[in-house]
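In: Return a 3D structure for these sequence lines:
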Amino acid sequence: MAKKVLIIDDNEVTCSLLIERIKFAGYNVFSANDGKKGLELIHKELPDLVFLDVRMPGMDGFEVCRLAKSDPLIKNIPIVFLTTAGQQKDIDRGKELGSSGYIVKPYDGIELLKEIKKLVGE
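Out: Here you go, the predicted model:
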């Protein structure tokens, strides 16, 4: 059974490109365009990996990560920030909140797939 990857990002173009790239690599992919919906999907789908943007309307990615990591049912799901917020303070905050990685956009597609394989296998 293919591993499930959730993308939480409010940018439709980014989501579409990520979905196509990750689907092509053989994973099941689904997405949410804001933090609240994303958190609901984490609970509903229990993905094997979450890619999470920082800057989104309403609930930002840091809050989604904080809430996910404090919930016993979903705290072990790896979360990787995939964002343009590339300042060191943002990267440090992501680590403090328990993320499994931090990728700054624009990203390298090959490196992205390597990160997925490292965290969830093939």
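
In: Burial check on Q87, number of neighbours?
Out: Neighbour count of Q87, defined by other CB atoms under 10 Å: 9. C-beta: built from backbone N, CA, C; applies to glycine.

In: Verify the stated contact: I8 with S31.
Out: Yes: counting by CB atoms under 8 Å, I8 touches S31, with 7.0 Å between them.

In: the more surrounded of these two?
Out: Remark: of I8 and S31, I8 carries more neighbours, 27 against 19, as counted by other CB under 10 Å.

In: Name the nearest residue to the more buried one, sequence neighbours excluded.
Out: Spatial nearest neighbour of I8, excluding adjacent residues (CB to CB, 6 or more residues apart in numbering): G38 at 3.3 Å.

In: could you dump stretch 66-75 to CSV, C-alpha only?
Out: What follows is stretch 66-75, C-alpha atoms only, in CSV (Å, rounded to 0.1, in the frame of the first residue of the first chain):
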residue,chain,number,x,y,z
ARG,A,66,2.6,22.8,17.8
LEU,A,67,-1.0,21.4,18.0
ALA,A,68,-0.1,18.2,16.1
LYS,A,69,3.0,17.5,18.2
SER,A,70,1.0,17.9,21.5
ASP,A,71,-1.7,15.5,20.4
PRO,A,72,-0.9,11.8,21.4
LEU,A,73,-2.8,10.4,18.4
ILE,A,74,-0.8,12.2,15.7
LYS,A,75,2.4,13.4,17.5
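
In: for this structure, what are the low-confidence residue spans?
Out: Across the chain, the ranges flagged by pLDDT under 70 are 122.
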